[in-house]
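Colleague: following is a predicted model, sequence given first.
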Amino acid sequence: MNEEIKNKIVLILGGTGAIGSAIDAALRREGAVVFQHGIEGQYAADVRKDGVRKLIEKVLAEAGRVDILINALSAPAKIGPVENKNWEAFQEQFNVQLKAAVEAALILVPLMKQKKDGKIINILTSYVEGEPPASLADYVTAKYAMLGFTKALAKELSRWSIAVNAVSPDIIKNKFSRSVPEKYFEIAAAQTSTGRLTVEEDVAKAVLLAVSKKAAEASGRNFVISGGKIIHVSN
């Protein structure tokens with residue numbers, strides 16, 4: 001159990017997804033008190049509507065504060081040429097990712113400022129640092145917007161000792177990526193120095209680092225998890 005993380009109040013938006021669940025398990029092992037948002041369950045909320053506010057109000061009523069906010073939301077990525085998409089497809093990605101992250105920040109940042117402490121971690125994708133694939137324009141555009149939001153918040157909030165960072169994993173083979181052809185996974189694994197795909201537990205380990213004192217001075221960083229494919233940490 002990590003004394004740095006023990007008893008910290010954590011809210012994970014998208015906490016019941018594959019990546020969110022791995023992060024949830026890792027933080028609980030270190031003694032954190034985790035509120036796991038999902039479509040169903042005790043902390044269910046529809047982030048496309050007014051669910052974020054109601055969810056946070058419920059968490060604050062039960063825990064009194066949120067020390068760490070993790071945004072692990074993402075709408076399913078649908079492969080297709082841009083001319084076959086429409087604005088609604090882009091809006092869906094923005095509503096699930098950026099809108100929820102902004103609404104959560106608008107509520108929690110003032111509370112974090114009061115205690116001059118807090119951490120916000122946004123789960124992005126390695127595509128915002130490396131070369132993005134074709135046919136995912138809506139998904140990639142929303143992730144770039146989240147990277148911009150991460151950097152903007154980090155610049156604005158560092159004076160209150162609030163760290164804002166991103167963790168960007170390479171493609172992971174799970175339910176979310178079920179529409180991706182098998183050949184793509186084979187190519188992605190071959191391009192890494194580890195010879196394997198990124199897995200959810202890799203992301204969870206990066207999040208543990210980001211919330212630890214070892215990363216206390218880091219803010220505005222994007223920690224890329226790609227098995228050596230992309231060796232770059234933005235700042």
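Modeller: Here it is on my side, so go on.
Colleague: so for stretch 145-156, mean pLDDT?
Modeller: The predicted model assigns stretch 145-156 a mean pLDDT of 96.
Colleague: show residues contacting that stretch.
Modeller: 71, 94, 97-98, 101-102, 105, 109, 120, 122, 124, 128, 163-166, 219-222 (CB atoms under 8 Å, 6 or more residues apart in numbering). C-beta here means a position set from N, CA and C on the backbone, and glycine is covered the same way.
Colleague: would you mind listing the buried residues in that stretch?
Modeller: Buried residues in stretch 145-156, counted by 16 or more other CB atoms under 10 Å: Ala145, Met146, Leu147, Phe149, Thr150, Lys151, Leu153, Ala154.
Colleague: just to revisit the earlier point, in strands, which of the contacts of stretch 145-156 fall?
Modeller: Judged by DSSP state E, those include Asn71, Ile120, Asn122, Ala163, Val164, Asn165, Ala166, Asn222 as members of strands.
Colleague: columns pLDDT, neighbour count and distance to Ala137 on top of those, output as JSON lines?
Modeller: Shown next, in JSON lines, are the ones in strands among the contacts of stretch 145-156 (pLDDT from 0 to 100; neighbours: other CB atoms under 10 Å; distance: CB to CB, whole Å):
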{"residue": "Asn71", "pLDDT": "97", "neighbour count": "27", "distance to Ala137": "21"}
{"residue": "Ile120", "pLDDT": "97", "neighbour count": "27", "distance to Ala137": "26"}
{"residue": "Asn122", "pLDDT": "97", "neighbour count": "26", "distance to Ala137": "20"}
{"residue": "Ala163", "pLDDT": "94", "neighbour count": "24", "distance to Ala137": "31"}
{"residue": "Val164", "pLDDT": "96", "neighbour count": "27", "distance to Ala137": "26"}
{"residue": "Asn165", "pLDDT": "95", "neighbour count": "25", "distance to Ala137": "26"}
{"residue": "Ala166", "pLDDT": "95", "neighbour count": "28", "distance to Ala137": "20"}
{"residue": "Asn222", "pLDDT": "92", "neighbour count": "20", "distance to Ala137": "20"}
